[in-house]
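>>> here you go, sequence then predicted model.
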Amino acid sequence: MSSDEITLRKLEIFLVFMRERNLARAAEALSLSNVSVHKAIHSLEAAVGCPLFAHRSRSLQPLASAFVLETHASDIIERIQTSVDAARQAAGISPSIFRIGSLYSLTVALVPRIINRLKETVPDCDIELVLGSNADLEAKLHAGDIDAALICVHELARSRRRIITPLFEDEIQLARARGSEPARRGADRLADLRDYDGAPFVMLSQDFSTGRDSYRMFQQAGITPRVALRANDIFTLTSLVKGGVGHALLPGRIDDIYPDALEFLRVVAAQRVTQTVGLCYLKSRTADARIVALEQAARTITA
């Protein structure tokens, strides 16, 4: 083993790749090129001194050794962050900026209310809001780039290293420009996605929980969506739907962005997906007074 070749950055890249299991998605989450991710993984593999992946075509398949390293690498990064925080506290220095990650869709109504409540409890807290997709924010949380994240937690696997506080549930519905089709009434308002087979849809990438949930709903309906356009954030997507570019599958909270501009239809039960939005932070931060205050504020606002 060449310990000088094992760096925290390489371990971070390795952990993101292990989560994503895809070079392109890992590269996007880290804001790197595919080549940079591949080089970092190859360099780490050489430094460890044993194979971590089986090379199959253009993909990397984790071996048992990779899963063992994943567990220990996560612990290493978390312990280093804990050690740095403890050292700073011993020196009488607290982290000057409290970084909160959030999905774009939560910034219209929920996040401002939570931050205002947090400010009431911790008035001297200097807050930085970091926006991104679910995958991006989860990676930033585990890398120590943010202190806590308001994200969709219904897909997150259980982990002894993090705390997840569910806050509320939000059902994915069919969204379309208001007035674009005749209004439905009563039980007929339930939408069957099979009736929209071939209709244009505006979609988010699968880095976003809403993007993945949309594809799950199409799979449950047994159809492949006709993608008219892809958007990189929920605000752009909503504007495109409002402008009549296509339909979309969106959580009900999006109605706060353009009130009454979109019509939302619940889908039939067999195709329905519900998101759970929650607060996520590392277990090592449970004693941080700002985390405690943030969790209390989030619970109070969403109660």
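All right, it came through fine. Numbering: from 1, shown residues only.
>>> all contacts plus neighbour counts: C-alpha atoms, from now on.
Noted.
>>> counting neighbours, what do you get for residue 161?
13 (other CA atoms under 10 Å).
>>> how near is the residue nearest to it when sequence neighbours are not counted to residue 75?
Of all residues not flanking residue 161 in the chain, residue 283 sits nearest, at 5.4 Å (CA to CA, 6 or more residues apart in numbering). Residue 283 is 11 Å from residue 75, where distance means CA to CA, to the nearest Å.
>>> cool, and residue 293?
Where residue 75 is concerned, residue 293 sits at a distance of 26 Å (CA to CA).
>>> partners of the longest strand that the chain contains in the sheet?
In the chain, assigned by DSSP state E, the strand with the most residues is strand 162-177. Counting by DSSP bridges, the strands paired with strand 162-177 are strand 248-251 (antiparallel), strand 262-265 (antiparallel), strand 274-282 (antiparallel).
>>> most tightly packed of those strands?
Among the strands paired with strand 162-177, ranked by average contacts under mean count of other CA atoms under 10 Å, first place goes to strand 248-251 (a mean of 25).
>>> tell me, how many residues neighbour residue 164?
20.
>>> thought it was touching residue 279?
Yes: Residue 164 is within contact range of residue 279, at 5.8 Å (criterion: CA atoms under 8 Å).
>>> find residues that contact each of these two.
residue 153 (CA atoms under 8 Å, 6 or more residues apart in numbering).
>>> tell me the pLDDT of residue 89.
For residue 89, the pLDDT comes out at 63.
>>> do a quick rundown of the helices in the stretch 151-300 of the chain.
With helices called from DSSP state H, counting those that start in this stretch, the stretch 151-300 of the chain shows them at 209-221, 234-242, 289-302.
>>> for those, give me TSV that also has mean pLDDT.
Compiled in TSV, the helices of the stretch 151-300 of the chain are given as follows (pLDDT from 0 to 100):
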stretch	mean pLDDT
helix 209-221	93
helix 234-242	91
helix 289-302	93
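>>> how about a markdown table for those helices, with distance to residue 97 added?
Shown next, in a markdown table, are those (distance: least, CA to CA, whole Å):
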| stretch | distance to residue 97 |
| --- | --- |
| helix 209-221 | 27 |
| helix 234-242 | 27 |
| helix 289-302 | 11 |
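>>> make CSV from these and add mean neighbour count and distance to residue 127 to it.
Shown next, in CSV, are the helices of the stretch 151-300 of the chain (neighbours: other CA atoms under 10 Å; distance: least, CA to CA, whole Å):
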stretch, mean neighbour count, distance to residue 127
helix 209-221, 19, 25
helix 234-242, 20, 23
helix 289-302, 17, 10
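>>> centroid residue for this structure?
residue 134 (0.8 Å; CA atoms, centre = their mean).
>>> distance of the residue lying closest to it once chain neighbours are set aside relative to residue 262?
Leaving out its chain neighbours, the residue that sits closest to residue 134 by CA to CA, 6+ apart is residue 208, at 5.4 Å. To residue 262, residue 208 is 21 Å away according to CA to CA.
>>> which one of the helices of the stretch 151-300 of the chain lies closest to residue 39?
helix 209-221 (28.3 Å; CA to CA).
>>> show me the contact partners of that closest one.
Residues contacting helix 209-221 (CA under 8 Å, 6+ apart): 133-134, 152, 172, 192-194, 203-206, 224-225, 249-251, 270-273.
>>> what's the burial count for residue 269?
Quick note: residue 269 (other CA under 10 Å) scores 10 neighbours.
>>> residue 195 now?
10.
>>> could you do residue 288 as well?
12.
>>> 602 is where my numbering starts, stick with that
All right, first residue 602 from here; so that's residue 889.
>>> per-residue confidence at it?
pLDDT, read off for residue 889, is 84.
>>> from residue 880, how far off is it?
15 Å.
>>> same check on residue 773?
20 Å.
>>> pull the longest helix from this structure.
helix 665-691 (DSSP state H).
>>> coming back round to it: of the contacts of helix 810-822, grab the buried ones for ChimeraX.
What follows is the ChimeraX syntax selecting those of the contacts of helix 810-822 that are buried according to 16 or more other CA atoms under 10 Å:
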select :734,735,753,773,793,794,795,804,805,806,807,826,850,851,852,872,873,874
